[in-house]
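Enquirer: 3D model of this:
(one chain, ligands or ions: 2)
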Amino acid sequence: MSEHETINQPERVISGVEIVLDEVTKRYSGSKLPAVDKVSMTIPAGEIVVFVGPSGCGKTTTMRMINRLIEPTSGRITIGGEDALSIKPDKLRRGIGYSIQQSGLFPHMTIAQNVGMVPGLVGWNKKKINDRVDEMLDLVGLDPDQYRGRYPRQLSGGQQQRVGVARALAADPPVLLMDEPFGAVDPITRGLLQDELLRLQTELGKTIVFVTHDFSEAVKLGDRIAVLGDQSKILQYDTPEAVLANPADDTVAGFIGSGASLQQLTLLRVRDVDLATCPTAHESDTPDKLRATLTPRPRSWGLVLDDRDRPLRWVNSRHLAGVNSLRNVGDPIGEVVSTQSTLQDALEALLAARSASTVVTGSRGQYVGLISIDTLVGTIRSLREAHEDDHLDSDDTTETAAPEVLDSSTGATS
Ligand SMILES: Nc1ncnc2c1ncn2[C@@H]1O[C@H](COP(=O)(O)OP(=O)(O)OP(=O)(O)O)[C@@H](O)[C@H]1O
Ligand SMILES: [Mg+2]
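Expert: Numbering: from 1, shown residues only. Ligands and ions are numbered 1, 2, ... in the order given. The predicted model follows:
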C-alpha cells in the first residue's frame with residue numbers, strides 16, 4: 001500500500017482542551033427511553049477519542065451535545081473547564097470544528113466560501129481568509145486553483161468530505177467533532193484521509209472526538225476508544241492496545257475478535273500474511289524514477305533503500321521537488337518489523353508508531369514489503385471466525401456475543 005504516515009514524535013504539541021461529560025442525558029420528546037443515559041467521560045486535551053458502537057446507540061446524539069446542536073436534558077459538559085451550557089451556542093460552535101459523513105457543505109456556496117465561513121464569522125480579514133482557504137485545501141489534498149471556485153455538487157463524495165474536514169479545521173478550533181467523516185469514501189482514500197488526519201494531529205494536537213463503525217479505523221486513529229452500547233452506555237473506554245488485549249465483555253470481544261484469537265497473533269509470523277508494497281529506489285538512483293510513480297494528490301509514499309536494499313527513509317513527492325539526489329531526503333522510517341516477527345510484535349509497532357503501515361525487512365535487513373493495521377485487524381477477524389466455526393456446537397455462548405454490534409461490512413480489511 002502506498003499510504004504511509006509516521007507519527008513518531010518525542011514531544012507532543014497540545015492545542016486542544018479537555019472535555020468532560022458528567023452524567024449527560026438526552027431524552028427526545030416522545031421517546032420512552034433516553035437516547036443517551038447518564039454518560040460520564042473525560043476526553044483528555046490533545047487526544048483523539050473514537051466512539052464506536054452499533055447504529056442507533058447514541059453516538060451522534062452524544063457528540064452533538066458537546067457543541068449543543070442538541071441540548072442535553074440533564075447533566076453537565078465542560079470544555080476546557082468552561083461550562084458549555086453557559087456559553088452561547090453560536091459562540092461555542094465557532095470554537096468547535098464539526099465534520100460529518102454527508103460533508104454538510106452548503107450547496108449554494110463555493111468550496112472557498114464553505115471553507116472560509118467560520119473564519120469569516122469570527123472576523124478574519126479577506127486576505128487572511130483566502131490564504132487560509134488555500135492552505136486548508138492543500139492540506140486535504142485538493143488543488144486550491146482547481147477547486148476553490150467550484151460548488152459542492154461538482155465534487156465527488158470523497159472530495160466533499162475532504163472539504164468538510166478542511167472547513168472543520170479552518171478557524172483552527174481547539175476541539176474537533178468528526179461524525180463518520182470518511183464514511184463515504186473507498187478504503188484506499190479513507191486510509192489516506194486517516195493518514196492526513198494523524199499527520200495534522202501531530203502538528204496541531206487538537207482534542208478530537210471521532211465516530212466510526214470501523215474498528216480498524218478506531219484502532220488506527222484513537223488514542224482511546226470508547227465502545228458504546230445502547231443509550232451510549234460506555235462498555236469500555238481505554239487505549240486500542242487495552243481494548244484489543246482485554247475486551248471488557250462479550251459484546252466488545254464479539255466485535256474485535258476474542259481474546260483467544262488475539263493470543264494467536266503471537267503464534268503467527270509476519271511472513272504468514274500477505275504484505276503490501278510501495279515504490280522504491282536506491283539512494284544512488286536519480287530521483288526521477290520515484291518522482292514518476294509518486295502522486296501528490298492523493299499523496300503516495302515510497303522508500304529509499306541503501307545499496308544493499310535496506311530501507312533508509314520514506315519519501316513523497318513533496319520531498320522530491322527540486323532535489324537532484326535521493327541522499328538525505330525524506331522522513332525516518334521508524335520502527336521496522338522483520339518477516340520473523342510475530343503479528344503481535346507488528347501490532348505493537350504499528351500502534352506505537354500510529355502509522356498506517358510499517359516496513360517489513362528480511363533476514364539481511366532488506367526491504368521485503370509493508371504490513372498494515374488493516375491486515376492485522378482482518379487477520380484477527382478471520383481467526384475469530386475460524387474459532388467460532390470450531391465451537392459452533394460445543395460452545396454457543398460466543399454466538400450470543402457476536403451480534404451485529406458493529407457493521408463490520410464497512411471495515412476495510414483488505
Ligand atoms: N431528533 C430525534 N428525535 C427522536 N429520536 C431521535 C432523534 N435523533 C435520534 N433519535 C434516536 O436516538 C437514538 C440515538 O440516535 P443517534 O443518531 O445518536 O445514534 P447513532 O449511534 O449516531 O447511530 P448511527 O450509527 O446510525 O449514526 C436512536 O434510537 C434514534 O432513533
Ligand atoms: Mg450517527
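Enquirer: Up against ligand 1, what does this protein have?
Expert: Residues of the chain lying near ligand 1 by C-beta under 6 Å from any ligand atom: Tyr28, Ser31, Ala35, Gly53, Ser55, Gly56, Cys57, Gly58, Lys59, Thr60, Thr61. (C-beta placed from N, C-alpha, C; glycine too.)
Enquirer: Turn those residues into CSV, including pLDDT and secondary structure.
Expert: Output for the residues of the chain next to ligand 1, formatted as CSV (pLDDT from 0 to 100; DSSP: H, G, I helix; E, B strand; the rest coil):
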residue, pLDDT, secondary structure
Tyr28, 96, coil
Ser31, 90, coil
Ala35, 97, coil
Gly53, 88, coil
Ser55, 88, coil
Gly56, 91, coil
Cys57, 93, coil
Gly58, 95, coil
Lys59, 95, helix
Thr60, 95, helix
Thr61, 96, helix
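Enquirer: Now the buried members of those residues.
Expert: Ala35, Gly53, Cys57, Gly58, Lys59, Thr60, Thr61 (16 or more other C-beta atoms under 10 Å).
Enquirer: For Gly254, pull up the helix or strand it's in.
Expert: helix 250-256 (DSSP states H and E).
Enquirer: likewise Gly75?
Expert: Per DSSP H and E: strand 74-79 holds Gly75.
Enquirer: how about the helices in the stretch 201-350 of the chain?
Expert: 215-221, 240-245, 250-256, 259-264, 288-293, 317-320, 343-353 (DSSP state H, counting those that start in this stretch).
Enquirer: Just name the most buried of the ones you listed.
Expert: helix 215-221 (a mean of 27; mean count of other C-beta atoms under 10 Å).
Enquirer: sorry, back to before: counting by contacts, list what the strand holding Gly75 packs against.
Expert: Judged by 3 or more C-beta pairs under 8 Å, 6 or more residues apart in numbering; DSSP states H and E, the packing partners of strand 74-79 are strand 19-26, helix 59-66.
Enquirer: Which of the residues in that strand are classified as buried?
Expert: Gly75, Ile77, Thr78, Ile79.
Enquirer: Pick the most buried one from the helices and strands packed on strand 74-79.
Expert: helix 59-66 (a mean of 23).
Enquirer: Alpha carbons of that one, in PDB - could you do that?
Expert: Extracted in PDB, the C-alpha atoms of helix 59-66 (Å, rounded to 0.1, in the frame of the first residue of the first chain):
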ATOM      1  CA  LYS A  59     -23.000   8.300  19.200                       C
ATOM      2  CA  THR A  60     -24.200  11.300  17.200                       C
ATOM      3  CA  THR A  61     -26.500  12.500  19.900                       C
ATOM      4  CA  THR A  62     -23.700  12.300  22.400                       C
ATOM      5  CA  MET A  63     -21.300  14.100  20.100                       C
ATOM      6  CA  ARG A  64     -23.800  16.800  19.100                       C
ATOM      7  CA  MET A  65     -24.500  17.700  22.800                       C
ATOM      8  CA  ILE A  66     -20.800  18.800  23.000                       C
END
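Enquirer: residues contacting Pro144?
Expert: By C-beta atoms under 8 Å, 6 or more residues apart in numbering, the contact set of Pro144 is Val133, Asp134, Leu137, Asp138.
Enquirer: for Gly157, same thing?
Expert: Here Gly157 is in contact with Ser103, Ala184, Val185 (C-beta under 8 Å, 6+ apart).
Enquirer: quick one: it and Thr189, what's the gap?
Expert: Distance, Gly157 to Thr189, by C-beta to C-beta, to the nearest Å: 10 Å.
Enquirer: Then Leu265?
Expert: Where Thr189 is concerned, Leu265 sits at a distance of 28 Å (C-beta to C-beta).
Enquirer: Leu235: neighbour count?
Expert: 22 (other C-beta atoms under 10 Å).
Enquirer: thinking it is in contact with Ala253, fair?
Expert: No: assessed by C-beta atoms under 8 Å, Leu235 is found out of contact with Ala253, at 10.3 Å.
Enquirer: Strands along the stretch 251-400 of the chain, start to end?
Expert: Secondary structure of the stretch 251-400 of the chain (DSSP state E, counting those that start in this stretch): strands located at 280-282, 301-305, 311-316, 331-332, 337-338, 357-361, 367-372.
Enquirer: From the contact counts, what lies against the second one?
Expert: Other helices and strands packing on strand 301-305, by 3+ C-beta pairs under 8 Å, 6+ apart, are strand 280-282, helix 288-293, strand 311-316.
Enquirer: cool, the fourth one as well?
Expert: Of the remaining helices and strands, those touching strand 331-332 by 3+ C-beta pairs under 8 Å, 6+ apart are strand 311-316.
Enquirer: Could you check the angle the strand it packs on makes with strand 367-372?
Expert: Relative orientation of strand 311-316 versus strand 367-372 (axes from the mean of the first three to the mean of the last three C-alpha atoms, to 10 degrees): 60 degrees.
Enquirer: what comes into contact with strand 311-316?
Expert: In contact with strand 311-316 (C-beta under 8 Å, 6+ apart) are residues 4, 6, 283, 290, 294, 296, 299-306, 326, 329-333, 336, 359, 361, 367.
Enquirer: Can I have the buried ones of those as a ChimeraX selection?
Expert: To isolate the buried members of the contacts of strand 311-316 in ChimeraX, using 16+ other C-beta under 10 Å:
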select :4,6,283,290,294,299,300,301,302,303,304,305,326,329,330,333,336,359,361,367
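Enquirer: pLDDT score for Ala184?
Expert: Ala184 carries a pLDDT value of 71.
Enquirer: That one: what secondary structure?
Expert: Per DSSP: H, G, I helix; E, B strand; the rest coil, the secondary structure class of Ala184 is coil.
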